[in-house]
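Colleague: model the structure of this input:
(chains A, B, C and D)
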Number of protein chains: 2
Amino acid sequence: MSAGLKPDMFDPACPTTVMPFQIGDKWTAMVVLCLEDGPRRFTELRVPLRRVTPKVLSETLRSMERDGLINRFAYDENPPRVEYSLTPLGRSLLTLVDAARSWCTDHMDDLVAAREAYTRSA
Amino acid sequence: MSAGLKPDMFDPACPTTVMPFQIGDKWTAMVVLCLEDGPRRFTELRVPLRRVTPKVLSETLRSMERDGLINRFAYDENPPRVEYSLTPLGRSLLTLVDAARSWCTDHMDDLVAAREAYTRSA
DNA sequence: CTGCATCCGAATGGATACTG
DNA sequence: CAGTATCCATTCGGATGCAG
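Modeller: As a prediction, this is how the structure comes out:
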């Protein structure tokens, strides 16, 4: 497990990015998905989440740590190394995230069609 | 079906109100729940959602209509009467909302405990 | 490398008052 | 009744630069 995260994991072209779901902060759900396969380092998370500035990412991570969704482990090394991993609580979110993803894939066409129909009639 | 909506349906004291989930706009999920049992009028929705100003509520409703989640039907009467109801697409969101609610009730204690532990150690 | 500090613009959401 | 108009406070997220 724990293959490298792909840069296009959350590509803006991917319609799920504009889906009407949100868990916690704007990026929480994506972080959960990134950590699904094991611990990740800060810089590693920045690969798929390259539209997130470090400030916002660290804010997101800290609030997730506060809520007990992730663990933060800082190795006492130089250069510094920090790993984030899902807690059982955070892992339990995966089913919900998957449910949301299923809904998106199932109903995305409807949603796009609805928006088009709406703008046409306007 | 369609008994009156209770004012305390989304009481701030209810912990699910601060849960880390969001569907669409801030109030979308609550509107979906309000419409679960049938069509509702604008003022009717304002009862449980009394913390939402009319401006924000109408914005929410319009964006939900745009996304094909609800239907808006305006009777040609005076005084005016408008009813909102879930489309099949909007109704399909109910399973997701329920999943989110289940997660909340199942893990709320963990979440509260995590926050307390965090603030204690800080 | 992993973040924190500071500044800033945009967007969100709310209060209040008013209209057809 | 069902909104709209206007104004405003707060928040959010991004850019940049710096520190351990």
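Colleague: low-confidence stretches in chain A?
Modeller: A:1-2, A:4, A:12-19 (pLDDT under 70).
Colleague: tell me the SS of the residue in chain A that DNA strand C sits nearest to?
Modeller: Residue of chain A nearest DNA strand C, by C-beta to the nearest atom of the strand: residue A:43 (2.9 Å). Every C-beta, even on glycine, is put in place using the N, C-alpha and C of the backbone. At residue A:43 the chain is in helix, as set by DSSP: H, G, I helix; E, B strand; the rest coil.
Colleague: which residues of chain A lie near DNA strand C?
Modeller: With C-beta under 7 Å from any atom of the strand as the criterion, chain A comes near DNA strand C at residues A:41-43, A:54-55, A:58-59, A:61-62, A:72, A:74, A:79-82.
Colleague: show me where chain A has strands.
Modeller: Per DSSP state E, chain A carries strands over the ranges A:21-23, A:40-41, A:70-75, A:81-86.
Colleague: so which of those is the most packed in?
Modeller: By mean neighbour count, with neighbours taken as mean count of other C-beta atoms under 10 Å in any protein chain shown, strand A:21-23 ranks first of those at a mean of 21.
Colleague: which strands and helices sit next to it?
Modeller: Counting contacts by 3 or more C-beta pairs under 8 Å, 6 or more residues apart in numbering or on different chains; DSSP states H and E, strand A:21-23 packs against helix A:28-34, helix A:88-121, strand B:21-23.
Colleague: of all those, which one is nearest DNA strand D?
Modeller: Using C-beta to the nearest atom of the strand, the nearest of these to DNA strand D is helix A:28-34, at 9.3 Å.
Colleague: packing partners for the closest one?
Modeller: strand A:21-23, helix A:42-46, helix A:54-66, helix A:88-121.
Colleague: residues touching stretch A:112-122, excluding its own?
Modeller: A:15, B:65-69, B:89 (C-beta atoms under 8 Å, 6 or more residues apart in numbering or on different chains).
Colleague: what sits against residue A:63?
Modeller: Neighbouring residues of residue A:63 by C-beta under 8 Å, 6+ apart: A:24-25, A:28.
Colleague: and which of the residues you listed is nearest to chain B?
Modeller: Using C-beta to the nearest C-beta, residue A:24 comes nearest to chain B of the contacts of residue A:63, at 3.7 Å.
Colleague: tell me how many other residues crowd the closest one.
Modeller: 19 (other C-beta atoms under 10 Å in any protein chain shown).
Colleague: I figured it was touching residue B:20, is that so?
Modeller: Yes. With contact defined as C-beta atoms under 8 Å, residue A:24 and residue B:20 form a contacting pair (3.7 Å).
Colleague: between these two, what contacts are shared?
Modeller: Jointly contacting residue A:24 and residue B:20 under the rule C-beta under 8 Å, 6+ apart are residue A:67.
Colleague: which one of the contacts of stretch A:112-122 is nearest residue B:106?
Modeller: Ranked by distance to residue B:106 (C-beta to C-beta), the contacts of stretch A:112-122 are led by residue B:69 at 26.2 Å.
Colleague: in this structure that closest one contacts residue B:84, no?
Modeller: No. Contact criterion C-beta under 8 Å: residue B:69 and residue B:84 do not qualify, at 9.9 Å.
Colleague: over in chain A, which residue gets nearest DNA strand D? Let me know.
Modeller: residue A:26 (3.1 Å).
Colleague: what residues does that residue make contact with?
Modeller: For residue A:26, the contact set (C-beta under 8 Å, 6+ apart) comprises residue A:60.
Colleague: how many neighbouring residues does residue A:76 have?
Modeller: Using other C-beta under 10 Å, residue A:76 has 6 neighbouring residues.
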